[in-house]
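**Student:** Curious how this folds, go ahead:
(2 chains)
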Amino acid sequence: MIADLLLGPFAFGFMRRALAGCFALSVAGPPLGVFLVLRRMALTSDVLQHGILPGIAIGAAFGGLSLGFMGAGGFIAGLAVALLAGWLARATAGREDAQFAGVYLIALAAGVAIVSMTRGIDLAHLLFGSVMAVDNAALILMAGTASAALLGLAVIWRPLVLESFDPGFLRAVGGHGGAWHLAFMALVVLCVVGGFAAMGTLMSVGLMMLPAVAARHWAAGLAGQVRAAVALAVLASWLGLVLSFDADLPAGPAIVLVAGGLWLASLSLGPRESLWRRRSSRRTS
Amino acid sequence: MIVLDGLRCAHDGVAVLRGVSGRFMPGSLTAVVGPNGAGKSTLLRAIAGLHPPAAGSIGRGGLRPGQIALLPQSGSLDRSFPITCADAVALGGWPRRGAFRALPPADAALAAVGLHSAGGRLVGALSAGQFQRLLFARLIVQDAPVILLDEPFNAVDTATIADLLALVRRWHGEGRTIVAVLHDLDLVAHAFPETLMLAREPIAWGPTAAVLSAGNRRRARLAAGQWQAAA
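**Tutor:** Predicted structure coming up:
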């Protein structure tokens, strides 16, 4: 009965493809999210998810509904916005939040305007995703970007850790901190773009960030946080797709809602630094 | 040998160091002293290549960037980053191993600074003194011929100061060139043969006893009074 509820929806091919794609993104995205959280760049991910929309829309305007064109447009726009966000953060010495809000409002408005000028694109699908859209091409896009992002993270892991922990040391030993930061941002953009077909541009960052934010309630060390974030994201993908199927919701919001629920549960009841932990430690002390 | 020639450094267009010329001989052990804002940290960062000079030059005798090790002030690191002590220390091997080759083990260096069983702990769990020991362990792994220490004993307990000072003496005995920014003049007088007194420009540079004279200290104070009044 319960097995039927949790596994039944995957009798359909498009649900299996969506599940496989979301699992792939669950393995690649949340580790990047953990670094975004630790580097205090959670806001940057917000700017990115809005920033890629105009790129996808322009790609669609040029290449029709080809995933390749839309993905490439989104990737280029995402990189441009990442560069802009990095420049703003440096130029404002860390007080970039107002400028970030300006950037993503403009990007969102521009994206919506371009989409409405282009015939044949459903804005809601672009923003919030649709599992029905996960055909073989979309699955290859998701799995391909996830694989590339995962390999890329493995390559830049050590410099990224050092650049996060002690950027001055990396510069002093001639390690080119800026280049590693850029490579990291490119991987983040890659993952957000990879998720847009199934989850939409607005929601695909959710699968990257929410498990990463929740992970600190499960593990103290970096490797443990990465593992916890991946596990939570896999769970959110699976239960979210079931919810999307049963309640007839778009996939993106369903997955992000489940991931949000897991985050709230971790925040309240997780084994580390949760509200429950803090209360019980106060009572014993 | 580190050779400074007419070195001038600026922050936002304001000169915080000017007219610094002289040399740190190979194997020398030098303290850099002076009032707050005298440009001491800037001097170390400039030698380490982190602060490009506005004018003048720094000769590093053919040393590559990673061969001049800098112990930063601990505020410049993210101590809440969830990295283990063993990993943080092993990263001292970056200059020789780079981004991809295996890093050297950290156990011996951790033991040498008295953090025997801390390898698996996160750096965030360390006290200020233990964290300073950790940074010294990274210097051991880095194994550089020139070592720059920026306020190595600031906010550190006396037992830690004694242990770390012994380490500095050992490095000195091994023939490394060491430059340390320090505030405690008694410590400078008994442990550092050479001293450079700075007040945005060199006040004196040479044997410690001569440099720390009452006249030099008064000149440094007067200079500091001038730039504080100007600010």
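**Student:** show me what contacts residue 77?
**Tutor:** This is for chain A. A:G51, A:I52, A:L53, A:P54, A:G55, A:I56, A:I58, A:A107 (C-beta atoms under 8 Å, 6 or more residues apart in numbering or on different chains). C-beta coordinates here come from the backbone N, C-alpha and C atoms, glycine included.
**Student:** The intended chain is chain B.
**Tutor:** A:F165, A:D166, A:G168.
**Student:** residues near residue 7, how many?
**Tutor:** You didn't say which chain, so I picked chain A. 11 (other C-beta atoms under 10 Å in any protein chain shown).
**Student:** meant chain B, my bad for not saying
**Tutor:** Per other C-beta under 10 Å, the neighbour tally for B:L7 reads 24.
**Student:** Backbone torsions only: list them for it.
**Tutor:** In terms of degrees, to the nearest 10, the main-chain angles of B:L7 are phi -70, psi 130.
**Student:** I figured it hits B:P53, correct?
**Tutor:** Yes - between B:L7 and B:P53 there is a contact at 5.6 Å, judged by C-beta atoms under 8 Å.
**Student:** shared neighbours, these two?
**Tutor:** Counting by C-beta under 8 Å, 6+ apart, the residues touching both B:L7 and B:P53 are B:A46.
**Student:** Narrow the contacts of A:A77 to just the buried residues.
**Tutor:** With burial judged by 16 or more other C-beta atoms under 10 Å in any protein chain shown, the buried subset of the contacts of A:A77 is A:G51, A:I52, A:L53, A:P54, A:G55, A:I56, A:I58, A:A107.
**Student:** Same list (those) but as TSV, adding pLDDT, secondary structure and distance to chain B.
**Tutor:** Formatted as TSV, these follow (pLDDT from 0 to 100; DSSP: H, G, I helix; E, B strand; the rest coil; distance: C-beta to the nearest C-beta, whole Å):
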residue	pLDDT	secondary structure	distance to chain B
A:G51	87	helix	26
A:I52	88	helix	28
A:L53	87	helix	32
A:P54	88	helix	34
A:G55	89	helix	30
A:I56	87	helix	33
A:I58	87	helix	35
A:A107	86	helix	29
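**Student:** Can I get those residues in a markdown table including distance to B:D157?
**Tutor:** Below are the buried ones among the contacts of A:A77 laid out as a markdown table (distance: C-beta to C-beta, whole Å):
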| residue | distance to B:D157 |
| --- | --- |
| A:G51 | 49 |
| A:I52 | 51 |
| A:L53 | 55 |
| A:P54 | 56 |
| A:G55 | 55 |
| A:I56 | 57 |
| A:I58 | 60 |
| A:A107 | 52 |
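**Student:** Out of the residues you listed, which comes closest to B:M197?
**Tutor:** Nearest to B:M197 among the buried ones among the contacts of A:A77 is A:G51, at 52.2 Å by C-beta to C-beta.
**Student:** How about the contacts made by B:A220?
**Tutor:** Counting by C-beta under 8 Å, 6+ apart, B:A220 touches B:G34, B:P35, B:A38, B:M197, B:L198, B:A199, B:I203.
**Student:** Please list the outside residues in contact with stretch B:97-113.
**Tutor:** A:155-156, A:158-159, A:175, B:85-87, B:89-94, B:116, B:118-119, B:133-134, B:136-138, B:140-141, B:163-164, B:167.
**Student:** From the chain's centroid, how far away is it?
**Tutor:** A distance of 21 Å separates the centroid of the chain from that of stretch B:97-113, by C-alpha atoms, centre = their mean, to the nearest Å.
**Student:** Show me the helices in chain B, by range?
**Tutor:** With helices called from DSSP state H, chain B shows them at B:40-47, B:85-90, B:94-97, B:107-112, B:128-142, B:158-173, B:185-191, B:208-211, B:214-230.
**Student:** what separates A:V193 from A:R17, distance-wise?
**Tutor:** 18 Å (C-beta to C-beta, to the nearest Å).
**Student:** Looking at those two, which has the bigger crowd around it?
**Tutor:** A:V193 (29 against 22).
**Student:** The nearest residue in space to that one that is not next to it in sequence: how many residues sit nearby?
**Tutor:** Of all residues not flanking A:V193 in the chain, A:G74 sits nearest, at 4.4 Å (C-beta to C-beta, 6 or more residues apart in numbering or on different chains). Using other C-beta under 10 Å as the criterion, A:G74 is surrounded by 30 other residues.
**Student:** now B:P145
**Tutor:** Using other C-beta under 10 Å, B:P145 has 16 neighbouring residues.
**Student:** same check, this time on the one 3 residues further on
**Tutor:** B:L148 sits with 27 neighbouring residues when counted by other C-beta under 10 Å.
**Student:** Show the pLDDT at it.
**Tutor:** pLDDT recorded at B:L148 is 95.
**Student:** Good, we can wrap up now.
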